[in-house]
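**Student:** When you get a sec, could you give me coordinates for this:
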Amino acid sequence: MAAITAAMVGELRAKTDAPMMECKKALTEAEGDMARAEEILRVKLGSKASKAASRITAEGVVAAYIAGGVGAIVEVNCETDFVTKNDEFIALANTTAKLAAEKNPADVAALSALPVDGKTLDEVRAALVGKIGENMSIRRFKRYESGSKLVSYLHGTRIGVLVEYDGADEQVGKDVAMHIAAMKPVALSANEVPAELIEKERSIAAQKASESGKPADIVAKMVEGSVQKYLKEVSLLNQPFVKNDKQTVEQMLKATNTTVKSFTMFVVGEGIEKKQDDFAAEVAAQVAAAKQA
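**Tutor:** Here you go, the predicted model:
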């Protein structure tokens, strides 16, 4: 059997971009035949991408792109926080944001089908899945094309905000984006808060108020008071401005002759149920399987 040298592993890695250990295994299986090893890797990496596709992607990054009056914000997910630091994964997210802004795709499927250097975006994603061995997915995006100004703010890579606004002072737009990332409003104004969120809050308030033992009319007022308080807390214009809590965001905007038209905020993994691995159970299962074998 041919000796597998570090130089051979390095050569195969340069050709395929596959992980070192995968290259060594492929060369061993191919008994040193470089062409055969490359073929083995293509099969294995494709298989790895298929297996990874069923795994939950609750980590990831948010990326944004703005140019020429158009902008987009995207969330691209992976399985572990470790991969969010990978330069190629970050590049994938940035490419996705740029394509979403420039090409105006109808949905994630259309976005994934867009060309990138002779491949589709989905093919680029799948190749990176094979290389890293971890599932990745383009979860969502929001595109803006407006005569108004656009500004984005990324808090690390896990929280991203894109704001559409009118106003002369660009710093105000940036301040609003930072405020949104910090205070996480769910809507621009109280009357835009989704009805299902209001009803959920009303139900919670009703349960609390009913335990007070007070008359029904008083309970009704308590519930309404709680709902109104909630609406002020979660609507952007009613929130105390983070850089000066003596005024609301609405008051700050009026003072600077600025109007916020809309905003989008993405928080990585929001709404995705993360898989909780039971390590002890997993080890026990592996031991049991080994005994049976």
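
**Student:** Helix, strand, or coil at the residue most central in space within the chain?
**Tutor:** What sits nearest the mean C-alpha location of the chain, by C-alpha atoms, centre = their mean, is residue 75, with 3.1 Å. Secondary structure, DSSP: H, G, I helix; E, B strand; the rest coil: residue 75 is strand.

**Student:** Tell me which stretches of the stretch 151-293 of the chain form strands.
**Tutor:** For the stretch 151-293 of the chain, the strands defined by DSSP state E, counting those that start in this stretch occupy 159-166, 240-241, 244-248, 259-267.

**Student:** what residue ranges in the stretch 151-293 of the chain are flagged as low confidence?
**Tutor:** 273-293 (pLDDT under 70).

**Student:** Tell me where it has helices.
**Tutor:** Per DSSP state H, counting those that start in this stretch, the stretch 151-293 of the chain carries helices over the ranges 170-183, 195-210, 216-234, 249-255, 279-292.

**Student:** Need the winner for burial among these.
**Tutor:** Neighbour counts (mean count of other C-beta atoms under 10 Å) averaged over each of those peak at helix 170-183, with a mean of 19. Where C-beta positions appear, they are placed from N, C-alpha and C, glycine not excepted.

**Student:** Would you mind listing the outside residues contacting that helix?
**Tutor:** Residues from elsewhere that reach helix 170-183 (C-beta atoms under 8 Å, 6 or more residues apart in numbering): 149, 151-153, 155, 159-163, 165, 167, 236, 239, 241-243, 249, 252-253, 256, 258, 260, 263, 265.

**Student:** hmm, which of the residues you listed are the buried ones?
**Tutor:** Neighbour counting by 16 or more other C-beta atoms under 10 Å classes 149, 151-153, 155, 159-163, 165, 167, 236, 239, 241-242, 249, 252-253, 256, 258, 260, 263, 265 among the contacts of helix 170-183 as buried.

**Student:** quick one: contacts for residue 74?
**Tutor:** Residues counted as contacts of residue 74 (C-beta under 8 Å, 6+ apart) are 62-64, 93, 96-97, 100, 138, 140-141, 266.

**Student:** Which ones among those map onto strands?
**Tutor:** Residues of those located in strands (DSSP state E): 62-64, 138, 140-141, 266.

**Student:** want to throw these into TSV with neighbour count?
**Tutor:** Formatted as TSV, the ones in strands among the contacts of residue 74 follow (neighbours: other C-beta atoms under 10 Å):
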residue	neighbour count
62	26
63	26
64	27
138	23
140	18
141	23
266	24
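
**Student:** Can you pick out the most distant pair from those residues?
**Tutor:** The distance between the two most remote of the ones in strands among the contacts of residue 74 (C-beta to C-beta) is 14.3 Å, for 64 and 138.

**Student:** which residues does the nearest residue to residue 95 once chain neighbours are set aside form a beta bridge with?
**Tutor:** Nearest-residue entry for residue 95: residue 116, 6.2 Å, with adjacent residues in sequence omitted and distances by C-beta to C-beta, 6 or more residues apart in numbering. Counting by DSSP bridges, residue 116 forms beta bridges with residue 119.
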